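Trainee: Based on what follows, work out the 3D shape:
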Amino acid sequence: MQLDDVTISRAITESFMKDFQGAMDVEVAIGGAGPAGMTAAYYLAKRGIKTVIFERSLRPGGGMPGGGMMFNTIVVQEEAKEILDEFDIRTREYETGYYTADSVEASSAICLKAIQAGAKIFNLMSIEDVMIREDDRITGLVLNWSAVSLAGLHVDPLSIRSKVVIDATGHASEICHIVVNKLGGRLRTEGGGIMGERSMWAEAAERQIMENTKEVYPGLIVAGMAANAVCGAHRMGPIFGGMLLSGKRAAEVALAAVLTDSR
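Mentor: Residues are numbered from 1 along each chain as shown. Prediction:
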C-alpha cells in the first residue's frame, strides 16, 4: 500500500471537523482536562450525557502528571481509592489510609476512561468568554485556539452551546473570573466574588472541596481546585483524592441540572 500525504491530511481535517461540529451543542461543557474535569466527564458520559472538555494546553492531566515537585507519584486517601480502582489504576498502601499511585499512569488512565465512556476532549483550545442570555444563565462557551491567545492575535472566536458548564480550570478558575470580570456576575460565595485560595493545608482543603463543589452561578458549577479557589478554601498540594471526589460530585450536580432542564 502506498501512502498519500494529502489523504492523510484530509483524514485528519475531515475527522476533526466532524467531531468539533458534534461538540457545538452538548449537555455539559467542561473547562479544563485536569483530574477533576476528566473524572466529571467520565461519570457524566457513563450516564449517557453528551459531554465535552476544552483544555488550553497540549496535554490533558492538569497538575497530576507532575506529582509532587516533579516526583511522578501522587497520594490519595482511603475515600478516593475506589475511584482509582474503578479506573484500573494500580495503587500501593504507604501506610494506613495513604495510597500512592504513578502520576502519569493515573492521569493517562483517567483520560482514557473518560474518552472510552463517550466524552470528547479538545486540547489546545482556550475559553475566552461565555455565552449568556436574558435570564443571566450561562448557555455555552466562546472558544479560540490557545496559539491565537499566546500570539496575541486578533482572531474572532467560535461558540458552543451547553446546558451546563463546569469550571475545572484549576487554581486560575478562569470561567468564574470571566463571569465576575466581564459580566459583573455575583457568585454564590461569601461576598459574591472570587475569594481566592488560601495557603496549603491538606486536611482542611480535602474536606472543604466537597462542600465547595457546587453551582456558583446559574448554569456554572465549580470543581477541583477551582472550587476551593473560588470559595476561599485552602490548597491541598499533591494529594489528589479530593480532586477525584470533587469531579464525581460535580458530575452528580451537573446530571441533576441536565435532567431538570430536560423535563
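Trainee: tell me the contacts of R59?
Mentor: For R59, the contact set (Cβ atoms under 8 Å, 6 or more residues apart in numbering) comprises P65, N123. (C-beta placed from N, C-alpha, C; glycine too.)
Trainee: what about it, which helix or strand?
Mentor: Using DSSP states H and E, R59 sits in no helix or strand.
Trainee: all helices for the protein, in order.
Mentor: 5-22, 35-46, 78-86, 103-117, 146-151, 174-183, 202-212, 225-231, 241-262 (DSSP state H).
Trainee: Among these, which comes closest to R133?
Mentor: helix 174-183 (11.8 Å; Cβ to Cβ).
Trainee: Could you list the residues in contact with the closest one?
Mentor: 31-32, 127-130, 132, 136, 138, 141, 165, 167, 169, 185, 187, 193-194, 216-217, 220, 222, 226, 230.
Trainee: So which of the helices of the chain is nearest P65?
Mentor: helix 103-117 (4.9 Å).
Trainee: So which elements touch that closest one?
Mentor: helix 35-46, strand 73-77, strand 120-123 (3 or more Cβ pairs under 8 Å, 6 or more residues apart in numbering; DSSP states H and E).
Trainee: got the angle for that helix vs helix 35-46?
Mentor: For helix 103-117 against helix 35-46, the angle by axes from the mean of the first three to the mean of the last three Cα atoms, to 10 degrees is 30 degrees.
Trainee: what about helix 103-117, average pLDDT?
Mentor: The average of the pLDDT scores along helix 103-117 is 98.
Trainee: distance between it and the chain's centre?
Mentor: Relative to its chain's centre, helix 103-117 lies at 13 Å (Cα atoms, centre = their mean, to the nearest Å).
Trainee: ok, and what's touching that helix?
Mentor: Defining contact as Cβ under 8 Å, 6+ apart, one finds that helix 103-117 is touched by 33, 35, 38-39, 41-42, 45-46, 53, 60-62, 64-67, 72-74, 84, 86-90, 121, 240.
Trainee: What residues does the residue positioned nearest the centre of the chain make contact with?
Mentor: By Cα atoms, centre = their mean, the chain has its centre lying nearest to G37, at 2.5 Å. Shown in contact with G37 (Cβ under 8 Å, 6+ apart): I30, G31, I53, E55, G62, I166, A168, A223, G224, G247.
Trainee: With adjacent residues omitted, what lies nearest to the last one?
Mentor: Once its chain neighbours are removed from consideration, G247 has its nearest residue in T39; the separation is 2.9 Å (Cβ to Cβ, 6 or more residues apart in numbering).
Trainee: From I49, how far out is that neighbour?
Mentor: Counting by Cβ to Cβ, to the nearest Å, the gap from T39 to I49 is 14 Å.
Trainee: Compare those two and say which one has the larger neighbour count.
Mentor: Higher neighbour count among T39 and I49: T39, with 30 against 22, using other Cβ atoms under 10 Å.
Trainee: Hmm, G242 and the more buried one touching each other?
Mentor: No. Counting by Cβ atoms under 8 Å, T39 stays clear of G242, with 11.0 Å between them.
Trainee: just to revisit the earlier point, closest one to Y94 among the helices of the chain?
Mentor: That would be helix 78-86 among these, by Cβ to Cβ, at 11.7 Å.
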